[in-house]
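In: My questions concern the predicted model and sequence given below.
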Amino acid sequence: MKLRTRLVASFAYVLLVVIVALTVPLAIVMRDRARSELEALARTNAQTIASFMNSDTLDDDPTPRRALTRDARRYAEEPGSRVIVLDAAGIVLADSDAEDVGENFATPGRPEVTRALRSEVTAEVRRSEEEQGDIAVAAAPIIDEGELVGVVRISRDVQTVGENVGRATAAIVAVALGGFVAGLVLAVAIARSLARPMSRLAAAARRLGAGELSTRAGKLEGGTEVDELAGSFDEMAGRVERTVRAQQEFVANASHQLRTPLTGIKLRLEAAIAETPDEAVRDQLSAADREVDRLAQIIERLLTMASQIEEGRVPHADLGDAVERAVQRWHERADKASSSLIDDGANGGTPISVVADPADLDQVLDVVIDNALIHAPGRIEVSVSGNGERATVSVADHGPGIPADEMGRVTERFFRGRGAPTGGSGLGLAIARELAERWGGGIDVRGGGEGTRIDVWFPTARGGVRA
(Lines give C-alpha, C1' and ligand atoms only; values in the text may rest on other atoms or scores of the structure.)
Protein backbone atom coordinates (compact mmCIF):
# COMPACT_ATOMS: atom_id res chain seq x y z
CA MET A 1 0.00 0.00 0.00
CA LYS A 2 1.31 3.45 -0.88
CA LEU A 3 2.33 5.85 1.87
CA ARG A 4 -0.36 8.36 0.88
CA THR A 5 -3.10 5.72 1.12
CA ARG A 6 -1.86 4.52 4.51
CA LEU A 7 -1.79 8.07 5.88
CA VAL A 8 -5.32 8.82 4.66
CA ALA A 9 -6.63 5.51 5.99
CA SER A 10 -5.04 6.08 9.41
CA PHE A 11 -6.37 9.64 9.66
CA ALA A 12 -9.85 8.52 8.56
CA TYR A 13 -9.87 5.73 11.14
CA VAL A 14 -8.88 8.09 13.96
CA LEU A 15 -11.41 10.71 12.84
CA LEU A 16 -14.19 8.09 12.66
CA VAL A 17 -13.39 6.81 16.14
CA VAL A 18 -13.47 10.36 17.54
CA ILE A 19 -16.80 11.15 15.85
CA VAL A 20 -18.42 7.94 17.09
CA ALA A 21 -17.01 8.49 20.59
CA LEU A 22 -18.60 11.95 20.68
CA THR A 23 -21.85 11.36 18.81
CA VAL A 24 -23.11 8.21 20.56
CA PRO A 25 -22.78 9.56 24.14
CA LEU A 26 -24.32 12.87 23.05
CA ALA A 27 -27.36 11.09 21.59
CA ILE A 28 -27.76 9.02 24.77
CA VAL A 29 -27.51 12.13 26.96
CA MET A 30 -30.13 13.90 24.83
CA ARG A 31 -32.53 10.95 25.14
CA ASP A 32 -32.08 10.69 28.91
CA ARG A 33 -32.42 14.45 29.30
CA ALA A 34 -35.67 14.48 27.34
CA ARG A 35 -37.11 11.63 29.43
CA SER A 36 -36.09 13.34 32.68
CA GLU A 37 -37.70 16.59 31.62
CA LEU A 38 -40.85 14.73 30.57
CA GLU A 39 -41.08 12.96 33.95
CA ALA A 40 -40.55 16.24 35.83
CA LEU A 41 -43.21 17.99 33.75
CA ALA A 42 -45.73 15.18 34.32
CA ARG A 43 -45.06 15.21 38.07
CA THR A 44 -45.49 18.98 38.29
CA ASN A 45 -48.72 18.91 36.28
CA ALA A 46 -50.17 16.09 38.39
CA GLN A 47 -49.36 17.92 41.63
CA THR A 48 -50.76 21.19 40.28
CA ILE A 49 -54.04 19.62 39.17
CA ALA A 50 -54.34 17.72 42.49
CA SER A 51 -53.89 20.96 44.45
CA PHE A 52 -56.99 22.43 42.75
CA MET A 53 -59.22 19.54 43.83
CA ASN A 54 -60.93 18.58 47.10
CA SER A 55 -63.86 16.59 48.42
CA ASP A 56 -66.39 18.98 46.91
CA THR A 57 -64.80 18.65 43.46
CA LEU A 58 -65.09 14.87 43.70
CA ASP A 59 -68.77 14.94 44.93
CA ASP A 60 -71.06 12.22 43.50
CA ASP A 61 -73.55 14.85 42.39
CA PRO A 62 -73.80 14.64 38.57
CA THR A 63 -73.31 18.38 38.18
CA PRO A 64 -69.91 18.45 39.89
CA ARG A 65 -69.00 15.24 38.06
CA ARG A 66 -69.68 16.94 34.71
CA ALA A 67 -67.55 19.89 35.84
CA LEU A 68 -64.81 17.47 36.84
CA THR A 69 -64.84 15.89 33.38
CA ARG A 70 -64.59 19.34 31.77
CA ASP A 71 -61.63 20.15 34.01
CA ALA A 72 -59.93 16.88 33.10
CA ARG A 73 -60.33 17.61 29.40
CA ARG A 74 -59.03 21.15 29.86
CA TYR A 75 -55.96 19.91 31.71
CA ALA A 76 -55.30 17.37 28.91
CA GLU A 77 -55.12 20.01 26.19
CA GLU A 78 -51.66 18.90 24.96
CA PRO A 79 -51.74 16.34 22.11
CA GLY A 80 -51.33 12.78 23.36
CA SER A 81 -52.09 13.71 26.99
CA ARG A 82 -54.72 12.05 29.17
CA VAL A 83 -55.95 13.11 32.64
CA ILE A 84 -57.84 10.70 34.90
CA VAL A 85 -59.30 11.50 38.33
CA LEU A 86 -59.86 8.60 40.77
CA ASP A 87 -61.46 8.35 44.17
CA ALA A 88 -59.78 7.02 47.28
CA ALA A 89 -60.54 3.43 46.19
CA GLY A 90 -58.91 3.80 42.78
CA ILE A 91 -62.20 4.00 40.80
CA VAL A 92 -62.17 6.37 37.80
CA LEU A 93 -64.43 9.37 38.41
CA ALA A 94 -63.49 11.43 35.33
CA ASP A 95 -61.50 10.65 32.17
CA SER A 96 -60.45 13.23 29.58
CA ASP A 97 -60.90 10.51 26.95
CA ALA A 98 -64.28 9.41 28.46
CA GLU A 99 -63.31 5.75 28.11
CA ASP A 100 -62.69 4.18 31.51
CA VAL A 101 -65.14 5.98 33.88
CA GLY A 102 -66.09 3.56 36.63
CA GLU A 103 -63.09 1.26 36.03
CA ASN A 104 -60.71 0.24 38.83
CA PHE A 105 -57.23 1.63 38.09
CA ALA A 106 -55.61 0.39 41.30
CA THR A 107 -54.08 -2.59 39.50
CA PRO A 108 -50.54 -4.09 39.47
CA GLY A 109 -50.15 -2.86 35.89
CA ARG A 110 -50.48 0.76 37.12
CA PRO A 111 -48.01 0.96 40.03
CA GLU A 112 -48.11 4.76 40.01
CA VAL A 113 -51.78 4.66 41.13
CA THR A 114 -50.99 2.23 43.94
CA ARG A 115 -48.19 4.46 45.22
CA ALA A 116 -50.36 7.61 44.93
CA LEU A 117 -53.05 5.91 47.05
CA ARG A 118 -50.30 5.66 49.68
CA SER A 119 -49.87 9.45 49.41
CA GLU A 120 -46.71 9.22 47.24
CA VAL A 121 -46.09 11.38 44.19
CA THR A 122 -44.74 9.23 41.32
CA ALA A 123 -43.51 9.99 37.80
CA GLU A 124 -41.78 7.66 35.32
CA VAL A 125 -41.46 6.64 31.69
CA ARG A 126 -42.49 3.01 31.24
CA ARG A 127 -43.91 0.54 28.77
CA SER A 128 -47.70 0.46 28.42
CA GLU A 129 -49.26 -2.70 27.03
CA GLU A 130 -52.52 -0.84 26.55
CA GLU A 131 -50.90 1.90 24.47
CA GLN A 132 -48.42 -0.53 22.87
CA GLY A 133 -45.54 1.85 23.50
CA ASP A 134 -43.70 3.97 26.04
CA ILE A 135 -45.66 6.56 28.04
CA ALA A 136 -44.72 9.20 30.57
CA VAL A 137 -47.04 8.74 33.56
CA ALA A 138 -47.40 10.58 36.88
CA ALA A 139 -49.82 10.25 39.78
CA ALA A 140 -50.40 12.64 42.73
CA PRO A 141 -52.71 12.23 45.74
CA ILE A 142 -55.62 14.64 46.33
CA ILE A 143 -55.47 15.68 49.99
CA ASP A 144 -58.38 17.45 51.71
CA GLU A 145 -58.01 18.45 55.37
CA GLY A 146 -55.22 15.93 55.83
CA GLU A 147 -57.06 13.01 54.33
CA LEU A 148 -56.59 11.32 50.96
CA VAL A 149 -59.79 11.72 48.97
CA GLY A 150 -58.56 10.80 45.47
CA VAL A 151 -55.77 10.60 42.91
CA VAL A 152 -54.91 12.54 39.75
CA ARG A 153 -53.19 10.43 37.07
CA ILE A 154 -51.60 12.03 34.00
CA SER A 155 -50.22 10.07 31.07
CA ARG A 156 -48.65 11.18 27.84
CA ASP A 157 -47.43 9.37 24.74
CA VAL A 158 -43.65 9.88 24.40
CA GLN A 159 -43.61 9.13 20.67
CA THR A 160 -43.50 12.83 19.85
CA VAL A 161 -40.59 13.32 22.22
CA GLY A 162 -38.82 10.33 20.69
CA GLU A 163 -39.31 11.77 17.23
CA ASN A 164 -37.86 15.09 18.36
CA VAL A 165 -34.85 13.31 19.88
CA GLY A 166 -34.46 11.30 16.67
CA ARG A 167 -34.48 14.44 14.56
CA ALA A 168 -31.91 16.06 16.84
CA THR A 169 -29.75 12.92 16.70
CA ALA A 170 -30.01 12.84 12.89
CA ALA A 171 -28.90 16.46 12.78
CA ILE A 172 -25.92 15.63 14.98
CA VAL A 173 -25.01 12.66 12.77
CA ALA A 174 -25.32 14.84 9.65
CA VAL A 175 -22.98 17.42 11.17
CA ALA A 176 -20.58 14.64 12.18
CA LEU A 177 -20.60 13.18 8.66
CA GLY A 178 -19.95 16.62 7.24
CA GLY A 179 -17.02 16.98 9.60
CA PHE A 180 -15.79 13.52 8.60
CA VAL A 181 -15.89 14.38 4.90
CA ALA A 182 -14.14 17.71 5.53
CA GLY A 183 -11.53 15.94 7.65
CA LEU A 184 -11.04 13.33 4.95
CA VAL A 185 -10.43 16.02 2.34
CA LEU A 186 -7.94 17.65 4.70
CA ALA A 187 -6.29 14.27 5.30
CA VAL A 188 -5.86 13.72 1.56
CA ALA A 189 -4.24 17.13 1.21
CA ILE A 190 -1.91 16.54 4.17
CA ALA A 191 -1.04 13.01 3.03
CA ARG A 192 -0.25 14.27 -0.44
CA SER A 193 2.10 16.92 0.92
CA LEU A 194 3.81 14.31 3.12
CA ALA A 195 3.94 11.53 0.54
CA ARG A 196 5.15 13.60 -2.41
CA PRO A 197 8.73 14.01 -1.07
CA MET A 198 8.90 10.33 -0.16
CA SER A 199 7.64 9.35 -3.63
CA ARG A 200 10.37 11.48 -5.20
CA LEU A 201 12.96 9.84 -2.94
CA ALA A 202 11.66 6.36 -3.86
CA ALA A 203 11.84 7.24 -7.57
CA ALA A 204 15.43 8.40 -7.12
CA ALA A 205 16.28 5.12 -5.35
CA ARG A 206 14.75 3.12 -8.22
CA ARG A 207 16.78 5.05 -10.79
CA LEU A 208 19.95 4.50 -8.78
CA GLY A 209 19.20 0.80 -8.53
CA ALA A 210 18.61 0.68 -12.30
CA GLY A 211 22.17 1.89 -12.89
CA GLU A 212 21.77 5.69 -13.15
CA LEU A 213 24.66 6.34 -10.78
CA SER A 214 24.43 10.11 -11.16
CA THR A 215 20.92 10.17 -9.64
CA ARG A 216 20.46 12.49 -6.65
CA ALA A 217 17.33 13.26 -4.65
CA GLY A 218 18.17 16.91 -4.04
CA LYS A 219 16.14 19.10 -1.67
CA LEU A 220 12.67 17.56 -1.24
CA GLU A 221 11.13 20.31 0.96
CA GLY A 222 9.30 17.77 3.06
CA GLY A 223 10.37 18.84 6.54
CA THR A 224 13.61 18.60 8.44
CA GLU A 225 13.58 14.80 8.82
CA VAL A 226 12.80 14.19 5.13
CA ASP A 227 15.48 16.65 4.00
CA GLU A 228 18.01 14.91 6.27
CA LEU A 229 17.02 11.57 4.77
CA ALA A 230 17.43 12.98 1.25
CA GLY A 231 20.85 14.35 2.18
CA SER A 232 21.93 10.95 3.52
CA PHE A 233 20.65 9.30 0.34
CA ASP A 234 22.65 11.69 -1.83
CA GLU A 235 25.80 11.03 0.20
CA MET A 236 25.26 7.28 -0.18
CA ALA A 237 24.61 7.63 -3.91
CA GLY A 238 27.83 9.61 -4.28
CA ARG A 239 29.84 6.93 -2.49
CA VAL A 240 28.23 4.20 -4.61
CA GLU A 241 29.02 6.08 -7.80
CA ARG A 242 32.64 6.62 -6.79
CA THR A 243 33.05 2.98 -5.76
CA VAL A 244 31.54 1.62 -8.97
CA ARG A 245 33.60 3.99 -11.12
CA ALA A 246 36.77 2.96 -9.30
CA GLN A 247 35.89 -0.71 -9.73
CA GLN A 248 35.23 -0.25 -13.44
CA GLU A 249 38.50 1.61 -13.90
CA PHE A 250 40.39 -1.08 -11.98
CA VAL A 251 38.91 -3.91 -14.05
CA ALA A 252 39.57 -2.08 -17.29
CA ASN A 253 43.14 -1.10 -16.37
CA ALA A 254 44.04 -4.53 -15.01
CA SER A 255 42.64 -6.23 -18.10
CA HIS A 256 44.56 -3.94 -20.43
CA GLN A 257 47.78 -4.41 -18.46
CA LEU A 258 47.47 -8.22 -18.62
CA ARG A 259 47.00 -8.41 -22.37
CA THR A 260 50.63 -7.65 -23.25
CA PRO A 261 52.34 -10.35 -21.16
CA LEU A 262 49.69 -12.88 -22.18
CA THR A 263 50.39 -12.18 -25.83
CA GLY A 264 54.10 -12.77 -25.22
CA ILE A 265 53.45 -16.05 -23.37
CA LYS A 266 51.20 -17.31 -26.15
CA LEU A 267 53.81 -16.53 -28.84
CA ARG A 268 56.53 -18.38 -26.92
CA LEU A 269 54.23 -21.38 -26.35
CA GLU A 270 53.32 -21.56 -30.02
CA ALA A 271 57.01 -21.41 -30.95
CA ALA A 272 57.87 -24.13 -28.44
CA ILE A 273 55.04 -26.36 -29.72
CA ALA A 274 56.31 -26.01 -33.27
CA GLU A 275 59.95 -26.73 -32.34
CA THR A 276 59.71 -29.60 -29.81
CA PRO A 277 60.05 -33.15 -31.20
CA ASP A 278 58.65 -34.82 -28.03
CA GLU A 279 54.95 -35.67 -28.40
CA ALA A 280 54.28 -35.67 -24.62
CA VAL A 281 55.92 -32.29 -24.20
CA ARG A 282 53.95 -30.98 -27.17
CA ASP A 283 50.70 -32.14 -25.49
CA GLN A 284 51.59 -30.37 -22.26
CA LEU A 285 52.57 -27.19 -24.13
CA SER A 286 49.28 -27.35 -26.08
CA ALA A 287 47.36 -27.67 -22.80
CA ALA A 288 49.23 -24.64 -21.46
CA ASP A 289 48.43 -22.77 -24.67
CA ARG A 290 44.74 -23.55 -24.20
CA GLU A 291 44.87 -22.25 -20.63
CA VAL A 292 46.46 -19.03 -21.90
CA ASP A 293 43.60 -18.72 -24.37
CA ARG A 294 41.14 -19.26 -21.51
CA LEU A 295 42.86 -16.60 -19.43
CA ALA A 296 42.68 -14.20 -22.38
CA GLN A 297 38.97 -14.94 -22.70
CA ILE A 298 38.47 -14.20 -19.01
CA ILE A 299 40.22 -10.85 -19.47
CA GLU A 300 37.99 -10.06 -22.44
CA ARG A 301 34.94 -10.97 -20.37
CA LEU A 302 36.10 -8.70 -17.57
CA LEU A 303 36.30 -5.85 -20.05
CA THR A 304 32.88 -6.74 -21.40
CA MET A 305 31.45 -6.94 -17.88
CA ALA A 306 32.91 -3.54 -17.02
CA SER A 307 31.23 -1.98 -20.06
CA GLN A 308 27.95 -3.79 -19.31
CA ILE A 309 27.89 -2.52 -15.74
CA GLU A 310 28.63 1.00 -16.93
CA GLU A 311 25.76 0.81 -19.42
CA GLY A 312 23.41 -0.80 -16.89
CA ARG A 313 23.13 -4.11 -18.82
CA VAL A 314 23.06 -7.52 -17.20
CA PRO A 315 25.40 -10.21 -18.66
CA HIS A 316 23.93 -13.48 -19.89
CA ALA A 317 25.57 -16.90 -20.36
CA ASP A 318 24.46 -20.16 -21.96
CA LEU A 319 24.43 -22.78 -19.22
CA GLY A 320 24.69 -25.76 -21.59
CA ASP A 321 27.75 -24.35 -23.36
CA ALA A 322 29.38 -23.60 -20.01
CA VAL A 323 28.85 -27.21 -18.84
CA GLU A 324 30.26 -28.58 -22.10
CA ARG A 325 33.38 -26.41 -21.77
CA ALA A 326 33.83 -27.44 -18.13
CA VAL A 327 33.61 -31.17 -18.93
CA GLN A 328 36.23 -30.74 -21.66
CA ARG A 329 38.53 -28.79 -19.33
CA TRP A 330 38.36 -31.42 -16.58
CA HIS A 331 38.35 -34.54 -18.78
CA GLU A 332 42.11 -35.10 -18.55
CA ARG A 333 42.16 -34.47 -14.78
CA ALA A 334 39.27 -36.95 -14.33
CA ASP A 335 41.17 -39.64 -16.23
CA LYS A 336 44.20 -39.20 -13.98
CA ALA A 337 41.95 -39.51 -10.91
CA SER A 338 40.40 -42.74 -12.25
CA SER A 339 37.10 -40.90 -12.61
CA SER A 340 34.67 -40.34 -15.44
CA LEU A 341 32.81 -37.11 -16.18
CA ILE A 342 29.39 -37.76 -17.74
CA ASP A 343 27.62 -34.87 -19.45
CA ASP A 344 23.92 -35.77 -19.33
CA GLY A 345 23.01 -32.93 -21.67
CA ALA A 346 21.47 -29.52 -21.19
CA ASN A 347 17.71 -29.68 -20.55
CA GLY A 348 17.02 -32.00 -23.49
CA GLY A 349 19.22 -29.97 -25.81
CA THR A 350 17.27 -26.73 -25.32
CA PRO A 351 19.62 -23.73 -24.79
CA ILE A 352 19.24 -22.06 -21.39
CA SER A 353 20.40 -18.48 -20.97
CA VAL A 354 21.03 -17.46 -17.36
CA VAL A 355 21.80 -14.15 -15.66
CA ALA A 356 25.49 -14.53 -14.84
CA ASP A 357 28.89 -13.46 -16.08
CA PRO A 358 30.40 -16.30 -18.16
CA ALA A 359 33.71 -16.09 -16.27
CA ASP A 360 31.91 -16.41 -12.91
CA LEU A 361 29.87 -19.31 -14.25
CA ASP A 362 33.01 -21.12 -15.44
CA GLN A 363 34.67 -20.60 -12.07
CA VAL A 364 31.65 -21.97 -10.20
CA LEU A 365 31.59 -25.11 -12.39
CA ASP A 366 35.35 -25.59 -11.94
CA VAL A 367 35.00 -25.43 -8.14
CA VAL A 368 32.09 -27.89 -7.99
CA ILE A 369 33.65 -30.43 -10.38
CA ASP A 370 37.05 -30.16 -8.67
CA ASN A 371 35.36 -30.73 -5.31
CA ALA A 372 33.70 -33.92 -6.62
CA LEU A 373 36.98 -35.28 -8.08
CA ILE A 374 38.80 -34.69 -4.78
CA HIS A 375 36.22 -36.09 -2.36
CA ALA A 376 34.44 -38.77 -4.41
CA PRO A 377 36.47 -39.99 -7.41
CA GLY A 378 34.55 -42.31 -9.71
CA ARG A 379 31.50 -41.72 -11.85
CA ILE A 380 30.49 -38.03 -11.77
CA GLU A 381 27.36 -36.90 -13.60
CA VAL A 382 26.78 -33.32 -14.75
CA SER A 383 23.28 -32.31 -15.85
CA VAL A 384 21.29 -29.15 -16.57
CA SER A 385 17.59 -28.44 -15.97
CA GLY A 386 15.33 -25.39 -16.02
CA ASN A 387 11.78 -24.42 -15.05
CA GLY A 388 11.36 -21.05 -16.75
CA GLU A 389 12.27 -18.90 -13.74
CA ARG A 390 15.63 -20.44 -12.91
CA ALA A 391 18.07 -22.98 -14.32
CA THR A 392 20.13 -25.51 -12.37
CA VAL A 393 23.35 -27.39 -13.08
CA SER A 394 23.72 -30.51 -10.92
CA VAL A 395 26.99 -32.34 -10.19
CA ALA A 396 26.33 -35.76 -8.63
CA ASP A 397 28.89 -38.27 -7.35
CA HIS A 398 28.61 -41.77 -5.87
CA GLY A 399 31.01 -41.36 -2.97
CA PRO A 400 30.52 -41.80 0.80
CA GLY A 401 28.35 -38.67 1.06
CA ILE A 402 28.36 -35.89 3.63
CA PRO A 403 27.41 -36.48 7.29
CA ALA A 404 24.05 -34.96 8.23
CA ASP A 405 25.57 -32.68 10.87
CA GLU A 406 27.97 -31.18 8.27
CA MET A 407 25.47 -30.78 5.42
CA GLY A 408 24.56 -27.19 6.25
CA ARG A 409 28.14 -26.00 6.73
CA VAL A 410 29.99 -27.22 3.64
CA THR A 411 29.53 -23.85 1.88
CA GLU A 412 30.95 -21.88 4.82
CA ARG A 413 34.38 -20.30 4.51
CA PHE A 414 37.28 -22.41 5.89
CA PHE A 415 35.01 -25.31 6.86
CA ARG A 416 36.54 -28.73 6.29
CA GLY A 417 34.69 -31.94 7.14
CA ARG A 418 36.01 -34.77 9.27
CA GLY A 419 36.87 -37.00 6.27
CA ALA A 420 38.26 -34.25 4.01
CA PRO A 421 41.68 -34.92 2.40
CA THR A 422 44.60 -32.86 3.66
CA GLY A 423 45.82 -29.81 1.84
CA GLY A 424 42.52 -28.09 1.16
CA SER A 425 41.58 -24.59 2.35
CA GLY A 426 37.81 -24.99 2.79
CA LEU A 427 37.18 -22.01 0.49
CA GLY A 428 36.08 -23.63 -2.79
CA LEU A 429 32.34 -24.12 -2.23
CA ALA A 430 32.14 -20.88 -0.25
CA ILE A 431 33.56 -18.95 -3.23
CA ALA A 432 31.20 -20.79 -5.60
CA ARG A 433 28.22 -19.89 -3.40
CA GLU A 434 29.20 -16.22 -3.26
CA LEU A 435 29.68 -16.09 -7.04
CA ALA A 436 26.24 -17.65 -7.60
CA GLU A 437 24.57 -15.31 -5.09
CA ARG A 438 26.19 -12.33 -6.82
CA TRP A 439 23.86 -12.99 -9.77
CA GLY A 440 20.77 -13.84 -7.74
CA GLY A 441 21.40 -17.59 -7.58
CA GLY A 442 22.58 -20.04 -4.96
CA ILE A 443 23.88 -23.49 -4.08
CA ASP A 444 21.98 -26.42 -2.55
CA VAL A 445 23.84 -29.44 -1.20
CA ARG A 446 21.91 -32.72 -1.10
CA GLY A 447 22.81 -36.29 -0.24
CA GLY A 448 23.54 -38.69 2.55
CA GLY A 449 25.26 -42.06 2.60
CA GLU A 450 24.91 -42.81 -1.13
CA GLY A 451 26.70 -39.91 -2.76
CA THR A 452 26.36 -36.16 -2.90
CA ARG A 453 24.62 -33.88 -5.36
CA ILE A 454 25.41 -30.17 -5.57
CA ASP A 455 22.82 -28.02 -7.35
CA VAL A 456 23.96 -24.59 -8.53
CA TRP A 457 21.11 -22.44 -9.80
CA PHE A 458 20.84 -19.07 -11.54
CA PRO A 459 17.85 -16.97 -12.63
CA THR A 460 17.05 -17.39 -16.29
CA ALA A 461 17.53 -14.41 -18.55
CA ARG A 462 14.00 -14.65 -19.96
CA GLY A 463 12.61 -14.59 -16.43
CA GLY A 464 13.45 -10.89 -16.31
CA VAL A 465 15.55 -11.25 -13.15
CA ARG A 466 18.06 -8.44 -12.62
CA ALA A 467 21.27 -9.19 -10.76
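Out: That came through, no problem.
In: Now do the helix or strand harbouring Gly231: which elements does it pack against?
Out: Assigning secondary structure by DSSP states H and E places Gly231 in helix 224-275. Using 3 or more Cβ pairs under 8 Å, 6 or more residues apart in numbering; DSSP states H and E as the contact criterion, the elements in contact with helix 224-275 are helix 159-209, helix 279-311. (C-beta placed from N, C-alpha, C; glycine too.)
In: Could you pull up the mean pLDDT of the longest one?
Out: In this model, helix 159-209 has an average pLDDT of 71.
In: Please apply the same query to stretch 327-340.
Out: Averaged over stretch 327-340, pLDDT sits at 84.
In: Pull out the buried positions in that stretch.
Out: By neighbour count, and taking 16 or more other Cβ atoms under 10 Å as the criterion, the buried residues in stretch 327-340 are 327, 329-330, 334, 339.
In: what about Leu16, which helix or strand?
Out: Secondary-structure element containing Leu16, defined by DSSP H and E: helix 3-51.
In: what does the next helix or strand after that helix rub up against?
Out: Read in the C-terminal direction, the helix or strand following helix 3-51 is helix 62-75, with elements assigned using DSSP H and E. The contact list for helix 62-75, computed with Cβ atoms under 8 Å, 6 or more residues apart in numbering, reads 45, 49, 52, 56-59, 81, 83-85, 93-96, 98, 154.
In: let's go with 6 Å and repeat that
Out: With Cβ atoms under 6 Å, 6 or more residues apart in numbering as the contact definition, helix 62-75 has outside contacts at 49, 83, 85, 94, 96.
In: top of those by neighbour count?
Out: Ranked by neighbour count (other Cβ atoms under 10 Å), the contacts of helix 62-75 have Val85 at the top, with 26 neighbours.
In: element containing that residue, please.
Out: Assignment of secondary structure by DSSP H and E places Val85 within strand 81-87.
In: That strand to helix 3-51, inter-axis angle?
Out: Relative orientation of strand 81-87 versus helix 3-51 (axes from the mean of the first three to the mean of the last three Cα atoms, to 10 degrees): 40 degrees.
In: what is the mean pLDDT for strand 81-87?
Out: Mean pLDDT, computed over strand 81-87, is 86.
In: what angle do it and helix 62-75 make?
Out: What separates the directions of strand 81-87 and helix 62-75 is an angle of 150 degrees, with the same axes, to 10 degrees.
In: Sketch out the low-pLDDT regions of the stretch 301-450 of the chain for me.
Out: Counting by pLDDT under 70, the stretch 301-450 of the chain has low-confidence residues at 301-314, 345-349, 405, 407-408, 414-426, 448-449.
In: sorry, back to before: listing partners with orientation, what would you give for the strand holding Val85?
Out: As defined by DSSP bridges, the strand partners of strand 81-87 come to strand 92-95 (antiparallel), strand 147-157 (antiparallel).
In: who touches the last one?
Out: Read it as strand 147-157. Around strand 147-157, the neighbours that count as contacts under Cβ under 6 Å, 6+ apart are 42, 45-46, 49-50, 55, 58, 80-88, 113, 116, 119, 135-142.
In: So for Asn253, what pLDDT did the model give?
Out: Taken from the predicted model, the pLDDT recorded for Asn253 is 71.
In: Tell me how many other residues crowd it.
Out: Taking other Cβ under 10 Å as the definition, Asn253 ends up with a neighbour count of 11.
In: Appreciated, that's everything.
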